[in-house]
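S.K.: sharing a sequence plus its predicted fold:
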Amino acid sequence: MATGVIQMPKQKDKMKSNQDFLEELKCLFLRVQNPKKSAFEDLVQQIFGYDLNSAEEINWLRTANRNFSDFCNKFLDNVEKTVNMLKEKRAK
């Protein structure tokens, strides 16, 4: 039972770090549309403290690239929907 008590704060810290990472990634997307690879590396190192080229860092870099691409695709989809909606309004 004692291990469950110790793991709870670690689990909360990990969840907080994950949330912080996604929030920072979203902010980065809003500021820079095509960031350098080093921006993702710096972000992973600052939030999680992993060593450069460690297995954990590489995993988070993949996650960052995937999420960043998702943000970009969703943004472009929403822009396209808005443009189409405005075109429809103009046509009326």
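M.R.: Sure thing, it's come through.
S.K.: please make it C-alpha for all contacts and neighbour counts, starting now.
M.R.: Will do.
S.K.: helices and strands around the longest helix along the chain, which ones?
M.R.: Scanning the chain for the longest helix, with DSSP state H as the assignment, gives helix 55-91. Using 3 or more C-alpha pairs under 8 Å, 6 or more residues apart in numbering; DSSP states H and E, the elements in contact with helix 55-91 are helix 2-31, helix 37-48.
S.K.: how about stretch 13-21: buried residues?
M.R.: Neighbour-count burial for stretch 13-21 flags residue 21 (criterion: 16 or more other C-alpha atoms under 10 Å).
S.K.: export it to CSV, keeping only CA atoms.
M.R.: Extracted in CSV, the C-alpha atoms of stretch 13-21 (Å, rounded to 0.1, in the frame of the first residue of the first chain):
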residue,chain,number,x,y,z
ASP,A,13,3.6,15.0,-12.0
LYS,A,14,3.7,12.9,-15.1
MET,A,15,0.2,14.0,-16.1
LYS,A,16,1.0,17.6,-15.4
SER,A,17,4.2,17.3,-17.5
ASN,A,18,2.2,15.8,-20.4
GLN,A,19,-0.3,18.6,-20.2
ASP,A,20,2.4,21.2,-20.0
PHE,A,21,4.1,19.7,-23.0
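S.K.: so how far is it from its chain's centroid?
M.R.: Averaging C-alpha positions (C-alpha atoms, centre = their mean, to the nearest Å) puts stretch 13-21 11 Å from its chain's average.
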